[in-house]
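K.L.:
Sequence isn't available, so here's the structure alone:
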């Protein structure tokens, strides 16, 4: 096997500083400390030796050539909003941050955007909108997460139930491989069967294969105005029953789930009159038109009522509909006020959602922890949020156990330990349980073929 | 580098025959000869030593373990309808045919089909339709091509301009790797970020990484009834201008192009009253509804008229619309009556389509060959068909030169040498020109990581 990467010597670091323009390489621990962790709650195991705040592909090439030469661990980083510890740094590693690489061009005619990785998702959406176009993937963190990070984790979001995830929009990538070669994978073409699908292989690879330095994205015409249904349920079972009924009949443009704990946390912070007594709330959208829109709206309402919904509100006022989406997006910040969070991201096929939700409730009861549940329910992707008091050691330990049990449950239900956040360091121990040793072995062989020295994001994913 | 695979010895062949049930392994040259070529016109370089007509994943495992042990070349094969020589056999190779693996189950609730690779695309569509669902990808050969081959080449079709290509529908695969391990990649989940995207890597790998033994496909609700526009143009330039105008404004559900040679060949065989004098014919579809459908239909008609279309026919009669689609699908068989065909599959971003079409006309004139042009124009994927008399040696040689020049032109226009047929053996010499040596090197390393003995489909793609 490959040698474990070692921290760079002082001389090696001086060489890196000298090879790049002033201000690009940061070694001051007051600054590098800020690049130690992401938003996963994983504290990382140490402060990086240096941070390369690259301004261009060429500077990433320089950094990776240097890292290969000195066998230094490289941790690629976008906006640092990852939730799985995919960009938390180890001691002696060098962070390659793409936060300064922020150019974008949009071609209206071919409906393609070419973006550097440091641009935020919201900025990509904005640039597309200025050209009269739409970039669909919409992680809840879209205002603070980078497009490079989105590609690295194959990020999802709320509209993905109908419009697909990041990989469905990536036509081409520029990547820098660990040996410091800048490669163009794919191209601005809707169909391309030439050679192995390396573009798709790099999407979701979480910095383990190289650094993404440019992304070519497919854009869409603007989304038609949506119509929204909000329904409250007296039991989680009733709510999940409605979800299965809706998704087996139509493709909603959004179908979100919030449980009672979440609704109350959001209501505490937004005061918008959500039903605090509801066991669960669904927010569904259709963006079809004409008679189809009428039919789909009626179908959603009927599915909710048939499953025993209390209040059902349907609106074609975009502002009113958007308010409920904002409420859903506020769930994590609102819950963070209740305690420390362990954020899950498990997914199953939609028909198994009732079993997943019931199982999570059993785990919460058995481990005496609060597990708030929000979900991109329409695609079976849930975010159980384990809320605990970090000062209570026993509670923190029980939370950790529940965190693992939720993943075990998802795997039992033929699901995934991560639908859209990535494996990172936090979920690495569970990946082999999901994939099995043969697939892990194949993955490691592919990783070694691209990163034979093992310098790319060691400890993450594999 | 790895040793070149060698033909199996008689003893080794006997061992293979003994390891599998009677009738699975075929060695009679009268039968194995039928597995020598696909529909690419590539005659292959020899008859395979044996054909394994596998009935199960376990039999594929047995065959690949045997092939690894004896270092025999394996050529995976679906229905044998490939157009790039991806399944043409070399002397001494063993063909693993999946034609007998034909089970399918459809789950209405999760909208997923699990199919064995030998099922035809049309049969997958049919099984989906029986459950009230739709499998979109629709190669023109959908009635004779297998779903396994579709996945192996990342096949496209007519509706892909709006609905995407095969890879967009593959949620999971079972594959047998060259060392004879059956692996499950992905799962029946709409979102999954767990580990490297090996599922997507196997899609489009043309049998160079392993044998696909099961495919899990995402299905859609039925397509809404389409409305069709047929427009004829006095010049190819006018037609390609209309294409760019249409695709930059809306996402048609189909946008097909046929040139004069094709229209006449189709008219000769179908006698449906197509305009024989037109330089080019467009067939466009929208499957939106309500006021959007009216707006899109009007927009398509206006774009055709603005670009100088002669006749423009709009119809919401599905049967009438379908007749034009059938005409388009008949193009290749109709042209095959004109001579031997060299079938191209080059693609560019749509705004570059006028330059591609004009360039192809220049090549045809310079090389004094007939190049008929059909295209999935809405996604920039064209099929220039070089028609020549195989008995005329000089003409055949000029056709071969033109074949390469068309690919060179596509690469110059930042396009691809294959949009949906795959590289196979026919286009292998051009792949490095398109991808560059660095990407070829990375591809070979990934291939070697999965197939270290180099037994999988040697000579194809890489």
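P.N.:
Nice, thanks for sending it over. Computed from a prediction, not measured in an experiment: that's the story for all the values here.

K.L.:
Return the backbone torsion pair for residue A:316.
P.N.:
In terms of degrees, to the nearest 10, the main-chain angles of residue A:316 are phi -110, psi 20.

K.L.:
Grab the nearest non-local neighbour of it.
P.N.:
Once flanking residues are discounted, residue A:316 sits nearest to residue A:227: 4.4 Å by Cβ to Cβ, 6 or more residues apart in numbering or on different chains. (Glycine included, C-beta is placed from N, CA and C.)

K.L.:
just residue A:339 next, same as before
P.N.:
residue A:387 (4.5 Å).

K.L.:
and that neighbour, what element?
P.N.:
Using DSSP states H and E, residue A:387 sits within strand A:381-388.

K.L.:
Which strands and helices lie in contact with that strand?
P.N.:
helix A:331-336, strand A:340-343, helix A:353-367, strand A:370-376, helix A:393-412 (3 or more Cβ pairs under 8 Å, 6 or more residues apart in numbering or on different chains; DSSP states H and E).

K.L.:
Report the distance from stretch A:100-119 to the chain centre.
P.N.:
Relative to its parent chain, stretch A:100-119 has a centroid offset of 20 Å by Cα atoms, centre = their mean, to the nearest Å.

K.L.:
now check that stretch, is it near chain B?
P.N.:
Yes: legend: contact between stretch A:100-119 and chain B by Cβ under 8 Å from any Cβ of the partner chain is shown at A:107-112.

K.L.:
Of those residues, which count as buried by neighbour count?
P.N.:
Among these, the ones that count as buried by 16 or more other Cβ atoms under 10 Å in any protein chain shown are A:107, A:110-112.

K.L.:
Just the ones of those residues in helices?
P.N.:
With helices defined by DSSP state H, no entry of those lies inside them.

K.L.:
Those residues: which two are farthest apart?
P.N.:
The distance between the two most remote of those (Cβ to Cβ) is 7.2 Å, for A:107 and A:111.

K.L.:
What's the local residue count around the closest residue to residue A:29 other than its chain neighbours?
P.N.:
Once flanking residues are discounted, residue A:29 sits nearest to residue A:47: 5.8 Å by Cβ to Cβ, 6+ apart. By other Cβ atoms under 10 Å in any protein chain shown, the residues close to residue A:47 number 19.

K.L.:
State the three-state secondary structure for residue A:47.
P.N.:
The three-state label given to residue A:47 by DSSP: H, G, I helix; E, B strand; the rest coil is coil.

K.L.:
Assess the claim that it and residue A:36 are in contact.
P.N.:
Yes: using Cβ atoms under 8 Å, residue A:47 makes contact with residue A:36 at a distance of 5.3 Å.

K.L.:
wouldn't the residue nearest to residue A:339 be in contact with residue A:335 here?
P.N.:
Yes: contact criterion Cβ under 8 Å: residue A:387 and residue A:335 qualify, at 6.1 Å.

K.L.:
intersection of neighbour lists for the two?
P.N.:
Residues touching both residue A:387 and residue A:335 comprise A:261, A:341, A:372, with contact defined as Cβ atoms under 8 Å, 6 or more residues apart in numbering or on different chains.

K.L.:
Skipping its backbone neighbours, what lies nearest the last one in space?
P.N.:
In space, not counting the residues next to it along the chain, residue A:372 is nearest to residue A:261; the distance is 4.0 Å by Cβ to Cβ, 6+ apart.

K.L.:
OK, contacts around that neighbour?
P.N.:
So residue A:261 contacts A:335, A:338, A:370, A:372-373, A:387 (Cβ under 8 Å, 6+ apart).

K.L.:
if we can go back for a sec, the residue nearest to residue A:339: how many residues sit nearby?
P.N.:
21.

K.L.:
next one: residue A:142
P.N.:
The number of residues near residue A:142, taken as other Cβ under 10 Å, comes to 22.

K.L.:
now do residue A:426
P.N.:
27.
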